[in-house]
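1. show me the folded form of this:
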Amino acid sequence: MIPPVEMIPGGPKFSRLVYGTWRLLDDASAATPQALAARLEACADLGMTTVDTAEIYGAYEVEERLGAALRARPGLRDRLQLVTKCGIYIPNARHPERQVAHYDAGTARIIKSAEKSLRLLGTDRLDALLIHRPDWLTPADETAAALDRLVADGKILSAGVSNYTVGQVETLRSRVTHPLLTNQIELSLFHMDPITDGTLDQCERLRMRPMAWSPLGGGRLFREGDEAAARIRSACATIAAQHGAPGLTAEALAVAWILALPAAPLVVIGTNKVERIQQIAAAASLRLTREDWFRLWQAAQGRGIP
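-> Numbering: from 1, shown residues only. Next comes the predicted model:
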């Protein structure tokens with residue numbers, strides 16, 4: 001079982017591995033209410049009880065699909081923590097009035113989006129609402145006012161951000177009444193910027209666990225002809241052999257590499273296949289040695305440490 005962890009001191013507990021729904025509609029057969037409900041139950045049985053989605057996912061369709069799945073299995077909602085994101089608005093069939101993709105983290109827009117998410121998901125509360133991308137045109141006071149109001153009204157239990165810089169987190173933190181829960185960021189063997197740009201240092205200083213999206217580089221780990229991916233897979237095979245665990249997958253090791261970081265990230269897993277979820281779940285209990293971790297770093301970078 002994947003144990004739950006506190007997101008911030010005294011805050012809510014989420015699972016260290018998170019079921020992500022960004023690519024939920026890539027496989028139509030896996031997106032039916034019954035198939036999705038069965039997959040969510042399988043995740044919950046493993047202890048992967050946190051579900052990550054967003055208003056924009058699937059051209060604004062994924063939240064509705066999740067809601068249908070939750071209605072298909074009464075009681076399932078209460079086994080899960082639902083995290084959604086808002087703030088990105090693009091032209092699409094459901095919103096033909098939009099002509100240009102844009103961000104909006106203004107007070108009225110955030111509240112409207114949160115209430116729509118509640119309705120589509122068929123729930124009376126969101127465990128967390130994240131601002132999906134920084135909105136360069138909205139003052140932090142406006143964004144903070146919306147998040148504080150939603151928490152005060154009980155519509156969301158906590159608030160956070162996604163893809164924010166260190167400075168943007170600090171600015172919003174200075175305006176909100178309730179502490180920010182997380183910063184959801186891109187982080188993987190293929191994208192290590194948060195390790196050196198201060199993002200993970202900030203999370204560690206604030207004792208705020210980040211959430212890592214695209215932990216396998218958006219599928220790059222399996223891409224043929226990619227030299228970095230080939231080096232990482234070779235290093236994973238070496239590590240598995242040294243541990244006497246030939247069944248230990250490159251996916252699990254890539255996730256374990258992120259979990260080993262001192263900021264203690266949560267990792268968002270984006271597969272629609274239960275068997276892959278089960279294999280990756282092994283990463284939650286896997287402890288890489290220091291040399292294992294640096295072997296993977298070196299493989300990803302294609303060079304030794306400075």
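
2. after the helix or strand bottoming out on mean pLDDT in the chain, which helix or strand is next? Please name it.
-> The helix or strand with the lowest mean pLDDT-type score in the chain, counting by mean pLDDT, DSSP states H and E, is helix 274-281 (a mean of 92). Downstream of helix 274-281, the first helix or strand assigned by DSSP states H and E is helix 290-301.

3. what residues of the least confident helix or strand of the chain count as buried?
-> Applying a neighbour-count criterion of 16 or more other C-beta atoms under 10 Å, one finds Val274, Ile277, Gln279, Ile280, Ala281 buried in helix 274-281. Using the backbone N, CA and C atoms, a C-beta is placed for each residue, glycine as well.

4. tell me the SS of the residue positioned nearest the centre of the chain?
-> Geometric centre of the chain, nearest residue: Val268, 4.0 Å, by C-alpha atoms, centre = their mean. With DSSP: H, G, I helix; E, B strand; the rest coil as the basis, Val268 sits in strand.

5. how near is it to Pro210?
-> In this view, Val268 and Pro210 are 11 Å apart by C-beta to C-beta, to the nearest Å.

6. do Ile56 as well
-> Looking at Ile56 against Pro210, where the rule is C-beta to C-beta, the gap reads 21 Å.

7. more neighbours: which of these two?
-> Set Ile56 next to Pro210 and count neighbours by other C-beta atoms under 10 Å: Pro210 wins out with 26 against 23.

8. let me see the contact set for Ala159.
-> Residues near Ala159 by C-beta atoms under 8 Å, 6 or more residues apart in numbering: Ala128, Leu129, Leu130, Ile131, Leu147, Leu150, Val151, Val176, His178, Leu180, Leu181.

9. how about Ile56?
-> Contacts here follow C-beta under 8 Å, 6+ apart; on that basis Ile56 touches Lys85, Ile88, Tyr89, Ile90, His132.

10. where does it fall, phi/psi-wise?
-> Backbone geometry at Ile56, expressed as degrees, to the nearest 10, gives phi -80, psi -20.

11. any idea how far the least confident helix or strand of the chain is from the chain center?
-> Helix 274-281 has its average C-alpha position 16 Å from the chain's average C-alpha position, going by C-alpha atoms, centre = their mean, to the nearest Å.

12. and it, what does it pack against?
-> Using 3 or more C-beta pairs under 8 Å, 6 or more residues apart in numbering; DSSP states H and E as the contact test, the elements touching helix 274-281 are strand 17-20, helix 33-46, helix 250-259.

13. now render these as JSON lines, adding mean neighbour count.
-> Written out in JSON lines, the entries for those read as follows (neighbours: other C-beta atoms under 10 Å):
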{"stretch": "strand 17-20", "mean neighbour count": "25"}
{"stretch": "helix 33-46", "mean neighbour count": "18"}
{"stretch": "helix 250-259", "mean neighbour count": "23"}
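
14. dump those into JSON lines; add mean pLDDT as well.
-> Below are the helices and strands packed on helix 274-281 laid out as JSON lines (pLDDT from 0 to 100):
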{"stretch": "strand 17-20", "mean pLDDT": "98"}
{"stretch": "helix 33-46", "mean pLDDT": "97"}
{"stretch": "helix 250-259", "mean pLDDT": "96"}
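
15. rebuild those as CSV, extending it with distance to Ala229.
-> Below are these laid out as CSV (distance: least, C-beta to C-beta, whole Å):
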stretch, distance to Ala229
strand 17-20, 20
helix 33-46, 26
helix 250-259, 9
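
16. how about the ones you listed, which one is nearest Leu76?
-> The stretch from the helices and strands packed on helix 274-281 with the least distance to Leu76 (C-beta to C-beta) is helix 33-46; that distance is 6.2 Å.

17. report the angle between the closest one and helix 274-281.
-> Angle, helix 33-46 to helix 274-281, by axes from the mean of the first three to the mean of the last three C-alpha atoms, to 10 degrees: 20 degrees.

18. now for the helix or strand following helix 33-46, which elements pack on it?
-> Where DSSP H and E defines the elements, the next helix or strand beyond helix 33-46 is strand 50-52. Using 3+ C-beta pairs under 8 Å, 6+ apart as the contact criterion, the neighbours of strand 50-52 among helices and strands are strand 17-20, strand 81-86.
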